[in-house]
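Novice: Following is a predicted model, sequence given first.
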Amino acid sequence: MSTNREPIGVIGTGYVGLVTAAGFAELGNEVFCVDIDSEKIEGLKNGQIPIWEPGLEELVAKHRDRLHFSTDLGDALQRARLLFVAVGTPPTYSGDADLSAVNAVVDAMPPSDQHALVMKSTVPVGTGETIKRVFAEQGKQGFRYVSCPEFLKEGSAIKDFLEPDRVVVGDDGDWAGDAVVDLYAPLNAPLVRTDIKSAEMVKLASNAFLATKISFINEIANVCEETGADVVEVAKGMGLDNRIGPKFLQAGIGFGGSCFPKDVTALKQLAGNSGYHFQLLNSVIEVNELQKRRVIAKLEKHLGRLVDKKIALLGLAFKPNTDDMREASSLVLSSRLQAAGAHVRAYDPVAEEEARKLIRGVSFKSTALDAIEGADAVVLVTEWPEFAELDLAEVKNAMAGTLLVDGRNLFEPGRVRDAGLIYEGVGRAASSAHQEV
Ligand code: UGA
């Protein structure tokens, strides 16, 4: 890989910052990573990765010489022109994005006509414009600004960085935009170079659209349950239409994570603040909330009242290949079940530590079979590959009851029924009432 690639700074060593840093290191860039969390920085210096992301630890270790970690902005400012901003923008109570970490970065920048902030954090449309105004007010009008949103999925973030569907660069047509385009050039990805506001909107609209696609298929699934159609077959039939595509058509018990729920709400809020009522997104959010709760009705359909029933949750993370518990469906599910009087036991291959911080009253088990032992019903919450390998006859023998609620349509209904279990998927013919044993 080229040795004369320009050094860059990355501010914020969370999931987006670290993946971006490691990705650019892989492309040959020297990367100066900065974070205000000194414990995290010390850990990173010793090769400790604070998040669970497949391949990240190896990539950081591989490029130990190119990756520098510090709590001080000095080296990054001295060595790099482009400072990528990858700090958190969590939702506030009003649903707006909390930009305090972004604002702190802006305030920390010195006057300069040789630097640019490159925004990776997901921010409301108009943030770039505001930051440029603040720079001007602070006498830093020479500081350039580029919007370069990230499209990294947790669990496959390294691949998404190195093989992106597209690179979006929003800028004022100056050296900084050119430099960011050059940085991404080795990836040979389709480039959308545009104005800053449009780049900001691409990110929000992409996440909101994908979330809409999920809520749409979830509603189709719910209608399938009423009519006897199978949503897996329906999604296959729909997805082969090029205009629709097969991805993000997996019905389940709702989307979670740190992005979709936050970004859908942020876009709705942004629209509202600008005087536009974004009707569709209200429904996307509502459908998603209701979807998580439908599991309870499925359990009650077979078990009656859930008081003192033993329910096993398989998987807790918001999706497989991550330990991220933010907005995970398991959070709502475990508290609803406990509110209904059930005893909840749970197993997740990697998210237990994170889950323990957020879920109370649940008995955490160290294997799937431990969680299943003596359960009246098993609920598949996160489709970790290891659950697909479970010996269903063994599952049946371990359980006290016979109900398997498959919240992600991971199992083949026939295989589950052959093992002597009752199958309740999401939007699948096998879950209709006449299948009840
Ligand atoms: C999402 C986007 O996919 C990324 O492009 C974006 O960069 C990222 O947010 C972000 O804004 O940082 P991520 O939250 O990691 O990535 O996870 P996804 O794989 O998109 O899944 C989100 C949720 O949707 C999960 O709970 C998943 O189980 C659910 N989902 C996904 C479905 O229920 N059905 C599907 O067909 C696909």
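Specialist: Sure thing, it's come through. Numbering: from 1, shown residues only.

Novice: Spatially, what comes nearest to Ile49 if we skip its sequence neighbours?
Specialist: Glu57 (4.6 Å; Cβ to Cβ, 6 or more residues apart in numbering). For every residue, glycine as well, the C-beta is placed using N, CA and C.

Novice: Next one, pLDDT for that neighbour please.
Specialist: pLDDT, Glu57: 96.

Novice: does the helix or strand where it lies come close to the ligand?
Specialist: When elements are assigned from DSSP states H and E, Glu57 belongs to helix 56-62. No. For helix 56-62, no contact with the ligand is found by Cβ under 6 Å from any ligand atom; the gap never falls below 13.5 Å.

Novice: now for that helix, which elements pack on it?
Specialist: helix 15-26, helix 157-162 (3 or more Cβ pairs under 8 Å, 6 or more residues apart in numbering; DSSP states H and E).

Novice: what packs against the first one?
Specialist: When you say that, I think you mean helix 15-26. strand 8-11, strand 31-34, helix 56-62, strand 67-70, helix 157-162.

Novice: among those, which is the most enclosed?
Specialist: Of the helices and strands packed on helix 15-26, the one with the most neighbours on average (mean count of other Cβ atoms under 10 Å) is strand 8-11, at a mean of 28.

Novice: helices or strands up against that one?
Specialist: Secondary-structure packing of strand 8-11 (3+ Cβ pairs under 8 Å, 6+ apart): helix 15-26, strand 31-34, helix 74-79, strand 82-85.

Novice: Please report phi then psi for the residue at minimal distance from the centre of the chain.
Specialist: In the chain, the residue lying closest to the centroid (Cα atoms, centre = their mean) is Gly257, at 4.1 Å. Dihedral pair for Gly257: phi 100, psi 180, per degrees, to the nearest 10.

Novice: try Glu154
Specialist: The phi/psi pair for Glu154 (degrees, to the nearest 10) is phi -60, psi 140.

Novice: That one against Ala317, yeah?
Specialist: No. Using Cβ atoms under 8 Å, Glu154 is not in contact with Ala317, being 9.0 Å away.

Novice: one step back: in this structure the residue nearest to the centre of the chain contacts Glu327, no?
Specialist: Yes. With contacts counted by Cβ under 8 Å, Gly257 reaches Glu327, the gap being 5.9 Å.

Novice: Can you check which residues contact both of the two?
Specialist: Residues touching both Gly257 and Glu327 (Cβ atoms under 8 Å, 6 or more residues apart in numbering): Phe318.

Novice: and the protein, which of its residues are near the ligand?
Specialist: Residues of the chain lying near the ligand (Cβ under 6 Å from any ligand atom): 122, 150-154, 207, 210, 214, 248-250, 252, 255-257, 259-260, 263, 318-319.

Novice: Would you list the buried entries among these?
Specialist: With burial judged by 16 or more other Cβ atoms under 10 Å, the buried subset of the residues of the chain next to the ligand is 122, 150-152, 154, 207, 210, 214, 248-250, 252, 255-257, 259-260, 263, 318-319.

Novice: In helices, which of those appear?
Specialist: 207, 210, 214, 260, 263 (DSSP state H).

Novice: For the fourth one, list the residues it contacts.
Specialist: The contact partners of Phe260, taken as Cβ under 8 Å, 6+ apart, are 207, 210-211, 214, 327.

Novice: Identify each buried residue in stretch 207-219, please.
Specialist: Applying 16+ other Cβ under 10 Å to stretch 207-219 flags 207-208, 210-219 as buried.

Novice: all helices of the stretch 301-437 of the chain, in order?
Specialist: 329-339, 352-358, 368-372, 385-388, 392-398, 413-418 (DSSP state H, counting those that start in this stretch).

Novice: Can you lay out the ones you listed as CSV showing mean pLDDT?
Specialist: CSV is the format used below for the helices of the stretch 301-437 of the chain (pLDDT from 0 to 100):
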stretch, mean pLDDT
helix 329-339, 96
helix 352-358, 96
helix 368-372, 98
helix 385-388, 97
helix 392-398, 98
helix 413-418, 95
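
Novice: would you turn those into a markdown table with mean neighbour count?
Specialist: Shown next, in a markdown table, are those (neighbours: other Cβ atoms under 10 Å):
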| stretch | mean neighbour count |
| --- | --- |
| helix 329-339 | 21 |
| helix 352-358 | 16 |
| helix 368-372 | 21 |
| helix 385-388 | 14 |
| helix 392-398 | 16 |
| helix 413-418 | 15 |
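
Novice: distance between the helix or strand encompassing Cys224 and the chain's centre?
Specialist: Using DSSP H and E, Cys224 falls within helix 196-227. Relative to its chain's centre, helix 196-227 lies at 14 Å (Cα atoms, centre = their mean, to the nearest Å).

Novice: quick one: the helix or strand following that helix to helix 196-227, angle?
Specialist: Using DSSP H and E, the helix or strand that follows helix 196-227 in sequence is helix 231-239. Orientation check (axes from the mean of the first three to the mean of the last three Cα atoms, to 10 degrees): helix 231-239 against helix 196-227 gives 140 degrees.

Novice: What is helix 231-239 packed up against?
Specialist: Against helix 231-239 (3+ Cβ pairs under 8 Å, 6+ apart) you get helix 196-227.

Novice: Which residue does the stretch 51-200 of the chain have closest to the ligand?
Specialist: Glu154 (3.5 Å; Cβ to the nearest ligand atom).

Novice: Now do the same contact list for that residue.
Specialist: By Cβ under 8 Å, 6+ apart, the neighbours of Glu154 are 15, 53, 257-258, 319, 321-322, 324.

Novice: Not counting residues beside it along the chain, what's closest to Ala22?
Specialist: Leu59 (4.2 Å).

Novice: Do I have it right that the one you found meets Ala25?
Specialist: Yes. Using Cβ under 8 Å, Leu59 is in contact with Ala25, at 7.3 Å.

Novice: Phi first, then psi, for the closest residue to the ligand within the stretch 301-437 of the chain.
Specialist: The ligand sits closest to Lys319 of the stretch 301-437 of the chain, with a gap of 4.0 Å, by Cβ to the nearest ligand atom. Main-chain dihedrals, Lys319, degrees, to the nearest 10: phi -160, psi 170.
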